[in-house]
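Engineer: Mind folding the following:
(4 chains)
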Protein chains: 2
Amino acid sequence: MRKINTQDFQVATRTTSRQVNRRIALSLIREHQAISRAELARKMDVARPVVTMLVNELIADGAVYEGRTEEIARGRKPVLLHVKTRDRFVVAVDVRFSRTFVMLSDFSGKQIALESFDTIFEPDKLVSELARRIKRTLKTHEAYSACEGVGLVIPGVIDGRTGRVVNAPQLGWRDVEVKSLLAAKVGLPVSIENASMACALAQMWLGRGETNNFVYVTVSDGVGVGIVINGELMRGESNTAGEFGHNPINLDGAKCLCGNTGCWEAYTSNIATLARYLGRDLIKRRTKKTNHAGEADFTIDNLIALARAGDEKALAALRETARYLGIGLAIIINSLNPARVFIGGEITAAWDLIADDVRRALAGRAMTQASAQTPIIATPTADYPRLRGATALIAASAYAAPRVA
Amino acid sequence: MRKINTQDFQVATRTTSRQVNRRIALSLIREHQAISRAELARKMDVARPVVTMLVNELIADGAVYEGRTEEIARGRKPVLLHVKTRDRFVVAVDVRFSRTFVMLSDFSGKQIALESFDTIFEPDKLVSELARRIKRTLKTHEAYSACEGVGLVIPGVIDGRTGRVVNAPQLGWRDVEVKSLLAAKVGLPVSIENASMACALAQMWLGRGETNNFVYVTVSDGVGVGIVINGELMRGESNTAGEFGHNPINLDGAKCLCGNTGCWEAYTSNIATLARYLGRDLIKRRTKKTNHAGEADFTIDNLIALARAGDEKALAALRETARYLGIGLAIIINSLNPARVFIGGEITAAWDLIADDVRRALAGRAMTQASAQTPIIATPTADYPRLRGATALIAASAYAAPRVA
DNA sequence: AATAATTTGTTATAGCCTATAACAAACCCT
DNA sequence: AGGGTTTGTTATAGGCTATAACAAATTATT
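Structural biologist: Numbering: from 1, shown residues only, chains lettered A, B, ... in the order given. Next comes the predicted model:
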């Protein structure tokens, strides 16, 4: 039972029904791939003639194509329908503190080309460089005409309505306009999103399985959470929903980089894990040469390697992190009761070492048995979740439900 | 951009448009009360003939009625439309540990009759007693035929789909069926909901102002949170969303009734406040004669009265609670970034004494300036938020958006 | 007082879309 | 070759929005 927002609603016109049903049909074809019109009609519980019309339009739009026929026991062989993902392209851009990645991918998220360069911090210069590289990639791969947009992922707060970057501390940006600038230079629609939220979008649109109610937790230098409820990304009133990282779990505890005490992040981020191993406090400044812990060239990946090699201290540091990760997940699960939790970040490389500790800590703090058993799924960093999120940003608009009421 | 749930969707039929637009029209009439067809057509951005049809149907349904005409400068005087709330009744039931309340109200939430009795803990006997009293009230007020349902609020976890009580520790219920039993005995539709969530519903459907994205925090013997996102109550996968109360804010801190340490609830509930004042630990058992703190007849209301009378120790206990309340609100606000926060519970009686402390603690932990300034609105206990929620449970179904896609 | 102007609300009809019936197409089996 | 079966299309009825035209009601103007 949803209350209609009287400030912002959408009346049904005479084309609304068609739009709705077309998207439902498309979603079902996407989900069940190679499916016939007749089967689709049964799944939708509408008559076949309607499906014929819907599918004709989807084919005309280039969203769906007819494949080979299916071998069945009796009767006319059905024509199998497929969602067209191969010849629809997206440029995905991931702007990070150290480097910026530019990927050409198709609508399924399949990587076609990938390049990267040292991040430029001046917005104008970054946009110019991006535009240059995007155009070049599209030209080399002859994907210009079939490219449907550029997805841009930024480590910071994005205004969901206007697309402005409200605040991106890592880049030193505050109220910066890049979306429209890049759109103008490239001549393609540009969509922009925060990193955690983009990861959640990738999971929702390019993942498999039940993905309409979940959270995506990124454990990196900080901790970010993307929340998806009823198939919709939760952005919050001022676009900052999911900031679980600096919630206190131990008010009397250690100091965090943010200045407060006892933040969850200060116990479970990569920096915290490294600091724990090195027996140091978290320190404040970092450069591109040294990491947050102040150690040049010693990363969480190195720590995991040490743990695997038998370094007891390294393993202990990881397991302690796992315990706090579990506690934090319990907080998230108690608060939101998602159907599942996805974990991203470098720590997932050590998942087999820490999964039990995470689960144990979660169980210790979960309010119900059901929530203690919430599936926790680690997603490998090699999948480039942020870049996939950038792709999803564009692809989703082709598959999403039309707004009604 | 919402992803369509391929497991559970709703195709558009040839009547869907009408249903959608009728609910939009009704919502707008409700929001702008005395409004003409012509004005409604302008607000909806549809032509007047459509509105005529929609309104005719709403009048035929008994959802809307025509009032007097409006005095305008030029042209035919418009007929003003009103939402019919006066002659549509709901029975609201609030089952609490000590007593059970039965209220007859109209669709606007206006109280028509109210009675209460000592709560009976056997489900069957409680249902019988409720049925008896509900029928009697409806008869005395000649509201039987115009009563559209019974709203039942329970302190426990409710399965949103089946309406079963999954778990209600206060009542000692586990997987209990009351909804269908009561419905059968009374012969009216019965809707059942958890207390925190019901309070949120009351705020959404019977409150005023922007109420599509908010949380309702009840501070009582425990702490409960009802979450509303995009005009929809968030229930969670196993109906336990909003369990912020036992999230740790201080792992090294005090023991909580739940057995864990450092729960937010253990710092900010009424029991915690009383324990703080009395210099005791939280204790475990309670009877109907003594409260949680183990003191007969010494309640949070007494404590507030003492604070108002100049008892420094009482005021200090309240202000300490306020500080922890602010920290907890910061956690909620960082996590969900709601447009506003409503507070319910006995503590609201002391709001003028503690508001500044709450706000200060919130500001100290909020991640952004915008979130630190989230409006916090105390709702007086005298409004019976739970009973209003029970009313909303029934009334909402008449106004909610139809499910599409 | 008659008439023009203006705004509300209704009627008639065109056009979009689902629902239903009927049918053509394709294929298997006997 | 012909019946049986399932897929996919065509034709048409019925529900709803969109548009045009108009009746109703009231004020301002001549």
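Engineer: So which residues on the stretch 51-200 of chain A come close to DNA strand C?
Structural biologist: Counting by Cβ under 7 Å from any atom of the strand, the stretch 51-200 of chain A comes close to DNA strand C at A:53-54, A:69, A:73-77. In this view, the C-beta of every residue, glycine as well, is placed from N, C-alpha and C.
Engineer: Restricted to strands, list those residues.
Structural biologist: The members of these that map onto strands under DSSP state E are residue A:69.
Engineer: Determine how far the top helix by length along chain A lies from the middle of the whole chain.
Structural biologist: Secondary structure of chain A per DSSP state H: the longest helix is helix A:312-336. Centroid separation between helix A:312-336 and its chain, computed with Cα atoms, centre = their mean, to the nearest Å, is 22 Å.
Engineer: same question, stretch A:184-203
Structural biologist: In terms of Cα atoms, centre = their mean, the centre of stretch A:184-203 is found 10 Å from the chain centre.
Engineer: Same check on stretch A:242-259?
Structural biologist: How far stretch A:242-259 lies from its chain's middle: 24 Å, per Cα atoms, centre = their mean.
Engineer: Alpha carbons of it, as CSV, please.
Structural biologist: Output of stretch A:242-259 as CSV, limited to C-alpha atoms (Å, rounded to 0.1, in the frame of the first residue of the first chain):
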residue,chain,number,x,y,z
GLY,A,242,23.6,4.3,3.4
GLU,A,243,26.2,6.2,5.4
PHE,A,244,26.6,3.4,8.0
GLY,A,245,30.4,3.8,8.1
HIS,A,246,30.6,6.5,10.7
ASN,A,247,27.9,5.2,12.9
PRO,A,248,29.3,4.5,16.4
ILE,A,249,29.6,1.0,17.6
ASN,A,250,31.8,1.9,20.5
LEU,A,251,31.4,5.4,21.8
ASP,A,252,34.3,4.8,24.2
GLY,A,253,36.4,3.4,21.5
ALA,A,254,39.2,4.4,19.1
LYS,A,255,39.4,7.7,17.3
CYS,A,256,38.3,7.7,13.6
LEU,A,257,39.7,9.7,10.7
CYS,A,258,36.4,11.7,10.8
GLY,A,259,37.2,13.1,14.2
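Engineer: For whichever strand or helix holds residue A:307, which residues meet the burial criterion?
Structural biologist: When elements are assigned from DSSP states H and E, residue A:307 belongs to helix A:300-308. Neighbour counts over helix A:300-308 (16 or more other Cβ atoms under 10 Å in any protein chain shown) mark A:300, A:303-304, A:306-307 as buried.
Engineer: Packing partners of that helix?
Structural biologist: Helices and strands touching helix A:300-308, as assessed by 3 or more Cβ pairs under 8 Å, 6 or more residues apart in numbering or on different chains; DSSP states H and E, comprise helix A:270-278, helix A:312-336, helix A:351-365.
Engineer: Now the residue in the stretch 301-405 of chain A that DNA strand C sits nearest to: closest residue in space that isn't a chain neighbour?
Structural biologist: Residue nearest to DNA strand C within the stretch 301-405 of chain A (Cβ to the nearest atom of the strand): residue A:402, separated by 11.5 Å. In this structure, residue A:402 finds its nearest non-sequential neighbour in residue A:19, 4.6 Å apart by Cβ to Cβ, 6 or more residues apart in numbering or on different chains.
Engineer: ok, so what distance separates the residue positioned nearest the centre of chain A from residue A:168?
Structural biologist: Chain A has residue A:199 as the residue nearest its centroid, 1.4 Å off, counting by Cα atoms, centre = their mean. Residue A:199 sits at a distance of 16 Å from residue A:168 (criterion: Cβ to Cβ, to the nearest Å).
Engineer: Switch the helices and strands packed on helix A:300-308 over to CSV; also include mean neighbour count and mean pLDDT.
Structural biologist: Converted to CSV, these look like this (neighbours: other Cβ atoms under 10 Å in any protein chain shown; pLDDT from 0 to 100):
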stretch, mean neighbour count, mean pLDDT
helix A:270-278, 23, 92
helix A:312-336, 23, 97
helix A:351-365, 18, 97
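Engineer: any chance of those helices in a markdown table, with distance to residue A:130 too?
Structural biologist: Shown next, in a markdown table, are the helices and strands packed on helix A:300-308 (distance: least, Cβ to Cβ, whole Å):
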| stretch | distance to residue A:130 |
| --- | --- |
| helix A:270-278 | 27 |
| helix A:312-336 | 34 |
| helix A:351-365 | 33 |
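Engineer: of those, which approaches residue B:386 most closely?
Structural biologist: Ranking the helices and strands packed on helix A:300-308 by proximity to residue B:386 (Cβ to Cβ) places helix A:312-336 first, at 21.6 Å.
Engineer: If you compare the directions of the closest one and helix A:351-365, what angle comes out?
Structural biologist: Orientation note: helix A:312-336 sits at an angle of 50 degrees relative to helix A:351-365 (axes from the mean of the first three to the mean of the last three Cα atoms, to 10 degrees).
Engineer: and helix A:312-336, anywhere near chain B?
Structural biologist: Yes. Judged by Cβ under 8 Å from any Cβ of the partner chain, helix A:312-336 and chain B are in contact via A:327, A:330-332, A:334-336.
Engineer: Quick check: which element contains residue A:197?
Structural biologist: Going by DSSP H and E, residue A:197 is part of helix A:195-206.
Engineer: quick one: buried residues of that helix?
Structural biologist: Residues of helix A:195-206 classed as buried: A:195-206 (neighbour count, 16+ other Cβ under 10 Å).
Engineer: just checking, residue A:404 touches residue A:15?
Structural biologist: No. Using Cβ atoms under 8 Å, residue A:404 makes no contact with residue A:15, being 11.5 Å away.
Engineer: neighbour count winner among these two?
Structural biologist: Neighbours per residue (other Cβ atoms under 10 Å in any protein chain shown) separate residue A:404 from residue A:15, with residue A:404 holding more: 24 against 11.
Engineer: Quick check: the more buried one is in a helix.
Structural biologist: No. Counting by DSSP: H, G, I helix; E, B strand; the rest coil, residue A:404 is not part of a helix but coil.
Engineer: Who are the contact partners of it?
Structural biologist: A:10, A:12, A:16, A:20, B:20, B:404-405 (Cβ atoms under 8 Å, 6 or more residues apart in numbering or on different chains).
Engineer: And it, how close does it get to residue B:217?
Structural biologist: The gap separating residue A:404 from residue B:217 is 32 Å, by Cβ to Cβ.
Engineer: And residue A:224, by the same measure?
Structural biologist: 25 Å.
Engineer: Repeat that for residue A:17.
Structural biologist: Taken as Cβ to Cβ, the span from residue A:17 to residue B:217 is 41 Å.
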